[in-house]
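From the sequence below, what's the structure:
(chains A, B and C)
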Amino acid sequence: MENINLIKKEGYAIVQMNRGKVNAINRQMVLELQKTFESLALDSDTKGVILTGQPNYFSAGLDLIELFQYDKEEITEFFSAFGSLYLQLVQFKKPFISAITGHSPAGGTVLAVTSDNRYMAQGEKYVIGLNEVAVNIQISQNLTEIYAFWMGDGLSSRYILEGKLLNGGEALAAGLVDELVPLENVLDRAEKKMRHYLKADQEILLNTKAKLRKHLWDKLDLDAENSLREASELWWKPEIRAKMKAYVESFSSKKKS
Amino acid sequence: MENINLIKKEGYAIVQMNRGKVNAINRQMVLELQKTFESLALDSDTKGVILTGQPNYFSAGLDLIELFQYDKEEITEFFSAFGSLYLQLVQFKKPFISAITGHSPAGGTVLAVTSDNRYMAQGEKYVIGLNEVAVNIQISQNLTEIYAFWMGDGLSSRYILEGKLLNGGEALAAGLVDELVPLENVLDRAEKKMRHYLKADQEILLNTKAKLRKHLWDKLDLDAENSLREASELWWKPEIRAKMKAYVESFSSKKKS
Amino acid sequence: MENINLIKKEGYAIVQMNRGKVNAINRQMVLELQKTFESLALDSDTKGVILTGQPNYFSAGLDLIELFQYDKEEITEFFSAFGSLYLQLVQFKKPFISAITGHSPAGGTVLAVTSDNRYMAQGEKYVIGLNEVAVNIQISQNLTEIYAFWMGDGLSSRYILEGKLLNGGEALAAGLVDELVPLENVLDRAEKKMRHYLKADQEILLNTKAKLRKHLWDKLDLDAENSLREASELWWKPEIRAKMKAYVESFSSKKKS
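Residues are numbered from 1 along each chain as shown, chains lettered A, B, ... in the order given. Prediction:
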């Protein structure tokens, strides 16, 4: 794996995203996450999984600079793969915790919200949230379901429609994260919770998780390509393409300077 | 329009209810709101709508003094029209914001909860809430859905069953309003939010609103007459009629003194 | 009734559980609660019901010491009866309030969450919560529904998966209880609320409660035996049986010392 460090612990695994400083999500990262979670789902020694990132960045979200270069087929494939990864994670049957080591906007949030618990690094600068509306990406119905699951329909609607990025305090108040902890303790906190889960009868624990997510799962459109068709199509809308171009160029020039 | 001022702004419209000091809702007001929103839904220059009232009163709710005079046919027609207006507003596809300039109990709340955002005037005296149980009016299933949407099933159930009117602080804590702002700034705050919405790609924004309300819309009984049949029937229950008479008389005598 | 004091007041009834100091729930208690609520449902003089316990204990939950002695048939019968009692209470049509006079974990919570309001005794030591995962009992889908009803999917999921017991402050913040009041005032507070309900038109009040619970009721599996089949089966899993034995023995020896 190029972009993933897999650390096996007694009874659980830590999946650390490891793609540059900001863990931007491209096709390769999506494929590696899919394979990793597939194999962990089948590994009977792995009772649970923690997903984490790099200091200051859990994940900056989709790698828009790379995605901007994709042709139509590649974009369709990418969104389909990313929608499929989302479905895989949100339906992951074992305990699953996100150790959010910093920024986690947009695509970073997509990964984090699928897990059962979220521990986020303290610090006003770190943000999390489904800000698709603000960056001209069409959110899928599937993704709105889990946001409403964690924070209720009201807050979820208001924040998604606004395209809002939340700081830690707002995310905690909204129920989007469980706790704020110092950056250096985020992973420890997640591991402590995982060890708590491992003490339970695992058959009861997995049954219980399935019950808690039953209605959420019933709502999902399991055809990933279909669920993100609008997103792939609107990606090519000329006005949106122009805005994306301006964004990518401003970002590329910032990187050079 | 007798009871409505329509103000067109760059990209959006402000609908100001304008029926006396308290904006009590009668048949005429309902018909004018229906027509206004119908025409704004079709107007391509109008990307969003703000609904507002008079200083101190967004709307005092149904005009019970006038309604008390209606005969059976008129009441049935009124409730059907009001239920129909509710369905129209809750399904309004463009961004829609309530600038709540003061009191907004009962029927005033019915209008306000249909919108995407609610900015309410600060001040302990202003109240909002579905207090139908306290005033002997049968709430519809349709109306319970949106209350639960904004504040969750638990609070919604407790408050509706109690017939509770909330002050601003309670409404904010419950998620029933987004922010409390000084009365003189309520409309400005709503307009600022509307301009934020106008910056988004409008196709993505409208798609997104539809996704956020999908399950809410799926739950609605679209036959307005049916959804308020119980309300029209219980209106004539002798004990309730007697209470309403006492209420109307006390109110009329207060008005004279 | 051995384990229940029934007190009739003007317009409502108080059901006081009365089985030792801690109101542990055994077969006999379940049967008496079923009969009592059946008869109160039919009694036209009873417009509402308050359920309460003993000072310091609303109910300590299932009587695991007695249940540990049950054979397979008895356990199946017990869980079926308890599941049936839950369905009866959660579908009780009249106003129903819990006056939580102290501890109310696990099975105590099952009873309390079915009611429309919960007033809980102040005091850090008192706990409430569905901690089934922590005590190796399989929660039913039916029971997860009402927890999510009161506190939303997010908190409900996190707390049930953790097996968390909440103190009063946590329960209040989560929306699991309505108010914390001094122990000596818990019943008074519940009675005051009941008298408030009695002032409403009872036809409107009952219609309204039915609307508020419609979607909850639609989700329930009304076959009580089926809904708790997993719980009866996992009860006999050897690892769980061993843990239960250790627990019962430690508890029995504590009782003797």
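
From here on, just use CA atoms for contacts and neighbour counts.
Fine.

What residues does residue A:183 make contact with?
Contacts for residue A:183 were tallied using Cα atoms under 8 Å, 6 or more residues apart in numbering or on different chains; they are A:55, A:56, A:101, A:102, A:120, A:121, A:122.

Kindly recompute the last result at 10 Å.
Going by Cα atoms under 10 Å, 6 or more residues apart in numbering or on different chains, residue A:183 touches A:55, A:56, A:99, A:100, A:101, A:102, A:119, A:120, A:121, A:122, A:123.

How about residue A:105?
Counting by Cα under 10 Å, 6+ apart, residue A:105 makes contact with A:57-62, A:111-112, A:126-132, A:164-166.

tell me which element the closest residue to it other than its chain neighbours is part of?
Leaving aside its chain neighbours, residue A:105 sits nearest to residue A:128 (4.4 Å; criterion: Cα to Cα, 6 or more residues apart in numbering or on different chains). Using DSSP states H and E, residue A:128 sits within strand A:127-129.

can you tell me which of the contacts of residue A:105 are in helices?
Among these, the residues falling in helices (DSSP state H) are A:111, A:112.

ok, how many other residues are close to the residue in the stretch 101-250 of chain A that chain B sits nearest to?
When scored by Cα to the nearest Cα, the stretch 101-250 of chain A has residue A:154 as its residue closest to chain B, at 4.1 Å. Close neighbours of residue A:154, defined as other Cα atoms under 10 Å in any protein chain shown, add up to 23.

Now do stretch A:6-17, average pLDDT.
Confidence over stretch A:6-17, taken as the mean pLDDT, stands at 98.

Can you get me the start-to-end distance on it?
End-to-end distance for stretch A:6-17: 9 Å, by Cα to Cα, to the nearest Å.

and if you look at stretch A:209-227?
Stretch A:209-227 stretches 24 Å from its first residue to its last (Cα to Cα).

how far is that stretch from where the chain is centred?
Relative to the chain's own centre, stretch A:209-227 is displaced by 16 Å; criterion: Cα atoms, centre = their mean, to the nearest Å.

Which strands and helices lie in contact with the strand holding residue A:128?
Packed against strand A:127-129 by the contact rule (3 or more Cα pairs under 10 Å, 6 or more residues apart in numbering or on different chains; DSSP states H and E) you find strand A:102-105, helix A:107-113, strand A:117-121, helix A:141-162, strand A:166-167, helix A:168-174.

now that strand: how far from the chain's centre is it?
The answer for strand A:127-129 is 11 Å, by Cα atoms, centre = their mean.

Okay, now the sheet partners of that strand, with direction.
The pairing partners recorded for strand A:127-129 under DSSP bridges are strand A:102-105 (parallel), strand A:166-167 (antiparallel).

Now that strand: average pLDDT?
Mean pLDDT, strand A:127-129: 98.

mean confidence for stretch A:42-50?
pLDDT averaged over stretch A:42-50 gives 98.

what about the helices in chain A?
Counting by DSSP H, the helices of chain A are A:27-42, A:64-67, A:72-90, A:107-113, A:141-162, A:168-174, A:186-199, A:202-212, A:214-219, A:224-227, A:229-235, A:238-256.

Give the bridge partners for the residue nearest to residue A:105, please.
Beta bridges link residue A:128 to residue A:104, residue A:166, judged by DSSP bridges.

Can you give me every residue that contacts it?
A:58-61, A:100, A:102-110, A:112, A:120, A:164-168, A:170-171, A:176-177.

now do 8 Å
With contact taken as Cα under 8 Å, 6+ apart, residue A:128 is in contact with A:103, A:104, A:105, A:106, A:108, A:109, A:165, A:166, A:167, A:168, A:171.

With residue A:231 instead?
A:79, A:137, A:138, A:139, A:140.

and with 6 Å instead?
Residue A:231 sits next to residue A:138 when contact means Cα atoms under 6 Å, 6 or more residues apart in numbering or on different chains.
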